[in-house]
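[1] sequence first, then the predicted structure:
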Amino acid sequence: MAHSPVLIGTRGSALAVTQTTTVAEALSGLGGFDVELVRVRTEGDINRAALSQIGGTGVFVAALRESLLRGDCDVAVHSLKDLPTTPADGLALGAIPERVDVRDVLCARDGLTLAQLPAGAKIGTGSPRRAAQLRAARPDIEIVDIRGNVDTRLGRVAGLVEGAPGDLDAVVLAAAGLARLGRLNMVTEFIDPAVMLPAPGQGALAVECRAADAVEGQLATALAAYDHRESRLAVAAERAMLGRLEAGCTAPVGALASVAAEGITLEAVVCSDDGTRLMRRTGVAGQLTEDAARALGVQVAEELLAAGAAQLTDLPAS
């Protein structure tokens with residue numbers, strides 16, 4: 001008797017389908033089962049208002065989670081940076097595949113870098129984190145709030161896409177998304193994390209499932225084999241920092257953890273919205289465990305709060 005395929009939930013954008021297809025093929029190969037993609041429309045796909053106006057954290061996630069809990073799909077694939085830090089009842093983070101390039105990238109007209117853009121240049125981004133760090137690096141440029149899929153955003157840059165609006169000098173996107181779509185040829189600069197720390201979890205995917213399915217069975221076995229320990233530890237530290245700050249994915253907060261044999265290092269930044277003030281802190285954990293990673297994230301967040309980070313942007317004071 002044939003087994004039913006494992007249903008993999010995804011948003012309908014080209015990027016989401018591409019990265020979900022990669023996950024589905026990997027799980028199928030590891031678990032020896034058939035898979036089928038299930039497209040789910042989320043609030044973030046339907047509503048084109050600024051993310052900060054429609055709820056920010058979770059707008060790309062809630063509908064997928066509801067589909068999981070209803071049984072409409074067995075696994076949901078998210079960009080980890082979109083996933084709220086609070087766990088969802090009845091669901092588990094079954095796997096975090098190996099993380100790819102964490103950096104933000106500039107896609108500019110005429111091959112320009114951030115330093116080469118002229119004063120008054122218009123740079124598009126929908127991210128307060130990117131906007132604040134751009135303003136800190138180049139206070140003489142203009143930030144334009146944009147939404148849309150990758151191709152729509154690239155089309156806003158003068159000369160990049162034939163027949164597109166081309167009303168901006170540059171946009172900032174994630175290297176990981178462009179790599180998955182085969183669009184790295186559009187990149188004019190990979191922005192150093194010293195200039196722009198990425199979003200917590202950027203470059204990583206989250207493979208979520210019902211809690212029971214993470215414990216036993218073919219799917220659980222495949223998820224465990226697909227999980228990448230170093231990536232899980234790094235994002236655990238970053239997300240614990242974000243959770244302790246009680247900041248969502250639209251807050252002007254960046255973080256980057258690195259994992260080595262001697263331990264975990266976490267660097268974090270909180271910015272004022274206008275980019276005039278940035279507060280950075282770095283911490284180190286000597287143990288390579290999820291508990292140690294989360295404790296490190298909390299420690300760095302508390303150091304930021306003690307130094308007055310809540311005065312820079314909309315964060316709880318304690």
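    Ah, there it is.
[2] just the buried positions in stretch 79-97, please.
    79-85, 88, 91-97 (16 or more other C-beta atoms under 10 Å). Glycine gets a C-beta too; all of them are placed from N, C-alpha and C.
[3] contacting residues around the one helix or strand residue 258 maps to?
    Per DSSP states H and E, residue 258 falls inside strand 253-260. Applying C-beta atoms under 8 Å, 6 or more residues apart in numbering, the contact partners of strand 253-260 are 102, 129, 133, 193, 196-200, 230, 233-235, 237-238, 241-242, 245, 247, 264-271, 288, 293, 296-297, 300, 313.
[4] so the next helix or strand after it versus strand 253-260, what angle?
    Per DSSP H and E, strand 253-260 leads on to strand 263-271 as the next helix or strand towards the C-terminus. Interaxial angle, strand 263-271 versus strand 253-260 (axes from the mean of the first three to the mean of the last three C-alpha atoms, to 10 degrees): 170 degrees.
[5] ok, the strand holding residue 258: who's next to it in the sheet?
    strand 263-271 (antiparallel) (DSSP bridges).
[6] how about the strand it pairs with as CSV, C-alpha atoms only?
    In CSV, the C-alpha atoms belonging to strand 263-271 read as follows (Å, rounded to 0.1, in the frame of the first residue of the first chain):
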residue,chain,number,x,y,z
GLY,A,263,32.5,28.5,22.0
ILE,A,264,29.9,30.9,20.7
THR,A,265,30.4,34.6,20.1
LEU,A,266,27.5,36.9,19.7
GLU,A,267,27.5,40.5,18.5
ALA,A,268,24.4,42.6,18.6
VAL,A,269,23.3,46.2,17.7
VAL,A,270,20.3,48.3,18.7
CYS,A,271,19.8,51.5,16.6
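[7] what average pLDDT does that strand get?
    Throughout strand 263-271, pLDDT has a mean value of 97.
[8] point out where the stretch 101-250 of the chain drops to low pLDDT.
    249 (pLDDT under 70).
[9] next, please give the residue ranges for the helices of it.
    With helices called from DSSP state H, counting those that start in this stretch, the stretch 101-250 of the chain shows them at 128-137, 150-154, 175-181, 218-226, 229-245.
[10] adding distance to residue 205, write those helices out as JSON lines.
    Formatted as JSON lines, these follow (distance: least, C-beta to C-beta, whole Å):
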{"stretch": "helix 128-137", "distance to residue 205": "19"}
{"stretch": "helix 150-154", "distance to residue 205": "16"}
{"stretch": "helix 175-181", "distance to residue 205": "9"}
{"stretch": "helix 218-226", "distance to residue 205": "10"}
{"stretch": "helix 229-245", "distance to residue 205": "9"}
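[11] which one of these lies closest to residue 109?
    helix 150-154 (11.2 Å; C-beta to C-beta).
[12] okay, buried residues for that closest one please.
    Going by 16+ other C-beta under 10 Å, helix 150-154 has these buried residues: 150, 153, 154.
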